[in-house]
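Visitor: Predicted model and sequence below, questions to follow.
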Amino acid sequence: MGRVSLFITCIIDQLYPKVGLAMADVLERLGYEVEFPEEQTCCGQPAFNTGYREDARKVARHFLGVFRDAEYIVIPSGSCAGMVKHHYAELFSKEPETLEAFERIKPRVFEFSQFLLDVAKVEDVGARFERVVTYHDSCHALREMGIRQGPRRLLSHVRGLELREMEPAEECCGFGGTFSVKFPEISGGMARTKLDSILKTGAEVVVSVDSSCLMQIQGALSRAGSRVRTMHLAEVLAER
Amino acid sequence: MPAAYQEKIRETLANTKLLAAIDKATHRLMDHRRSAIAGDGLPDYQELRTQAQAVKKHTIENLDHYLEEFEANVMAHGGQVVFARDAGEAVEFVADLAKRKGARLIVKSKSMTTEEIELNDRVGKHGIEVVETDLGEYIIQLAHERPFHIVAPALHLTREDVADLFTDRLGVERDTVIENQTRTARAVLRKKFLAADIGISGANFLIADSGAVVVVENEGNARLSTSAPRVHVAIAGIEKLIPRAQDLATFLKLLGRSATGQPLTVYTSFLSGPRREGEVDGPDEFYVVLVDNGRTRLLADREKRQSLHCIRCGACLNHCPVYRKVGGHNYPWVYSGPIGAILTPQYLGLSHESWLPFASSLCGACAEVCPVKIEIPKLLLELRSEVVKSEAREPKRRMERIAFRLWAWVMTHPRVYEMVGSAAAIVLDGHAVPALLNRGPVRGWTSQRDLPPLPHRSFRQAWRKRRKERG
């Protein structure tokens, strides 16, 4: 097998540590040696998306330094993986040395579900989870990383799990990083539309590959007094 | 965002009737588009997008050449081309022309460029009546509103709204049957067509190699507006050019499908020059007004000039979850939705409503459906960066700028980062956010959603514990 370096996004580190642990469990069960480079912090996306590119560059350089020698870098987030894989090049377009360092790392960066399917080549991780779930396509996973069928295929092998698609699954939950606090009413309105689609399915659990979307969805569910809960794909796949 | 917009947006979000109308209309347009490009509908859809993008890119990069070619060919057909640097020059030309011709009445077909330059109001000030003849445009003209949507200007109004409006403005009996409403409008407009001295149209495409103006529509009103009156004036942005007539096939396949799901609109008119000898209809005089109004400013920017590729199909509006929540009237300019969010700061200047590029969750649905593949999220990010730079010294950015600088310092010092996280966890320890902290961005969050409870350990702390336990 090989050695996987986890990149635990700042949201997961601070708010959803269980997601990171679940991801480590799944990877270890598949036979990977899992490590967590302690110097890591964030990918830089919050600053980049808010227009503060110089600040984003500092944090992105830090990321590249921490993971310089990693064999595989696995990220439990389509959005943060998308930031690294699709925006670092633009961020460092005028910094040839950093750009080169990025190009060396780039092929080793994977979003979690992509790593399972493309590198580990597994669809069935041996999970059991007897719940009705619905899958929310996170926008960056879907449109930046092209992740659509992968998580659904992984879920289809989970024993006892029933997947009920919401209509439309591909609509944004309204999180959008600093958008969620700069334009709270619009963001909240989008979350409530998402909630309607979720509740129509009768699912007990909303699954996604991005904890930031799930924070938005869970926050709105909780505010609406719903008992539906959210889980990251890694948490579902770690269930047995 | 200025308080006035915030208030308007709040009102829209509370207007369930309006939101339902927007949802119904945009979802119908989205469904139609999806079926129109699916399967055999347009098997080479993705290739056509790439081709359309390439043609637009080439044209914009060689715009000087194609503008001259277009002008020469229009003149060869007996028409005239007028270059208008800004809205004022375009309006002035029309007003002068109307005075010269002694015109009292102008009929016009739907055109976003004429909305952009506020033609109706500004020419109206000269005592000339300008009447919109597209049904949707006619409705909003009666309502004294601006278009709610690039393609469907009266998308926000229900048949009941239109019934009330017609009763109020036209004095007809209240009738909510759409066919009857159309009949009413038709009766009014038919008289206008016959009495009009000048007809004004926009242009969906300007073909350089034939000097032709191409107008697509569904109601036949553009054809009447451009052929019944003695004078036809087409008003269009300079970015509407395409090099050759044969390029049109690519765009026509994409435009109708992306806009309304139609393989082709009901009418596609090719207008080149005034009526020639032996022809039965057409105007005696033919003018094309090419409007700059901020467009050439974009040409110098390699990345952002792709904004000029837009063919105004409106697909990005329909697919935008923000547009569907705030509607078309809460954007600062006539262009709403994602395309409006990138055009407004570029045409009018960065300082004009600089919050606009930030009002997006960056979901990318717009770019996914754009028939000419404009990278809207990328441009929004670019504009955000430019806004932040240009406003660096302004008080409203001060706190944010300091916060991000501090954040970057913390994020490049892992020990400090961990300490900050632990401190927050200890202070809050499963409690709700205290009132003292519930302000600024935290308040933004909690006004709409609950915060997740903070875990006792961060991941890195939990990871260490796990390592220790496993020896």
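Guide: Happy to help now that I have it.

Visitor: ok, residue A:125 - contacts?
Guide: The neighbours of residue A:125, taking C-beta atoms under 8 Å, 6 or more residues apart in numbering or on different chains as the test, are A:26, A:29, A:30, A:116, A:154, A:157, A:237. C-betas here are computed from N, CA, C, even on glycine.

Visitor: can you give me the strands for chain A?
Guide: Assigned by DSSP state E, chain A shows strands spanning A:3-6, A:33-35, A:72-75, A:109-111, A:132-135, A:162-163, A:205-208, A:229-232.

Visitor: Could you pull out the buried residues of the fifth one?
Guide: Translated: strand A:132-135. For strand A:132-135, a neighbour-count test (16 or more other C-beta atoms under 10 Å in any protein chain shown) marks A:133, A:134, A:135 as buried.

Visitor: quick revisit: got TSV for the strands of chain A, with mean pLDDT and distance to residue B:264 too?
Guide: Rendered in TSV, the data for those read as follows (pLDDT from 0 to 100; distance: least, C-beta to C-beta, whole Å):
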stretch	mean pLDDT	distance to residue B:264
strand A:3-6	98	53
strand A:33-35	97	57
strand A:72-75	98	46
strand A:109-111	98	41
strand A:132-135	98	37
strand A:162-163	98	39
strand A:205-208	98	40
strand A:229-232	98	45
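
Visitor: which non-adjacent residue is nearest residue A:220?
Guide: Among residues not flanking residue A:220 along the chain, residue A:191 sits closest, at 3.9 Å (C-beta to C-beta, 6 or more residues apart in numbering or on different chains).

Visitor: Was I right to think the one you found contacts residue A:217?
Guide: Yes. Between residue A:191 and residue A:217 there is a contact at 6.8 Å, judged by C-beta atoms under 8 Å.

Visitor: what is in contact with the two at once?
Guide: Joint contacts of residue A:191 and residue A:217 (C-beta under 8 Å, 6+ apart) are residue A:173.

Visitor: which residues of the stretch 101-250 of chain B fall in helices?
Guide: B:112-116, B:119-124, B:135-142, B:159-170, B:178-195, B:221-227, B:248-259 (DSSP state H, counting those that start in this stretch).

Visitor: Same question for the stretch 251-400 of chain B.
Guide: Here the stretch 251-400 of chain B has its helices, by DSSP H, counting those that start in this stretch, at B:295-299, B:315-318, B:323-326, B:337-348, B:365-369, B:376-390, B:395-411.

Visitor: Scan the contacts of residue A:125 and report the most crowded one.
Guide: Highest neighbour count within the contacts of residue A:125: residue A:237, with 30 neighbours (other C-beta atoms under 10 Å in any protein chain shown).

Visitor: what sits against residue 203?
Guide: I went with chain A, as the question did not name one. A:132, A:133, A:134, A:164, A:166, A:228.

Visitor: nope, chain B
Guide: B:111, B:213, B:214, B:215, B:234, B:235, B:236, B:240, B:288.

Visitor: can you pull the buried residues of the longest helix seen in chain A?
Guide: In chain A, taking DSSP state H as the definition, the longest helix is helix A:184-201. For helix A:184-201, burial by neighbour count (16+ other C-beta under 10 Å) applies to A:184-195, A:197-199, A:201.

Visitor: out of the residues you listed, who's nearest chain B?
Guide: Of all those, residue A:188 has the smallest distance to chain B: 3.0 Å, by C-beta to the nearest C-beta.

Visitor: Could you report the distance from that closest one to residue B:220?
Guide: Distance, residue A:188 to residue B:220, using C-beta to C-beta, to the nearest Å: 44 Å.

Visitor: Likewise for residue B:112?
Guide: Remark: distance between residue B:112 and residue B:220 (C-beta to C-beta) = 20 Å.

Visitor: Between these two, which has more neighbouring residues?
Guide: residue B:112 (18 against 13).

Visitor: residues contacting that one?
Guide: Neighbours of residue B:112 in contact, by C-beta under 8 Å, 6+ apart: B:147, B:150, B:202, B:312, B:334, B:335.

Visitor: Could you list the domains of the chain?
Guide: As the question left the chain open, I've gone with chain A. Domain ranges of chain A: A:3-119, A:132-238, per automatic domain parsing.

Visitor: Hmm, no, I was thinking of chain B.
Guide: What automatic domain parsing lists as the domains of chain B is B:46-296, B:397-469.

Visitor: Mean pLDDT lowest where, among those?
Guide: Across those, domain B:397-469 has the smallest mean pLDDT, namely a mean of 89.

Visitor: of all the contacts of residue A:203, which comes closest to chain B?
Guide: Of all the contacts of residue A:203, residue A:228 has the smallest distance to chain B: 13.5 Å, by C-beta to the nearest C-beta.
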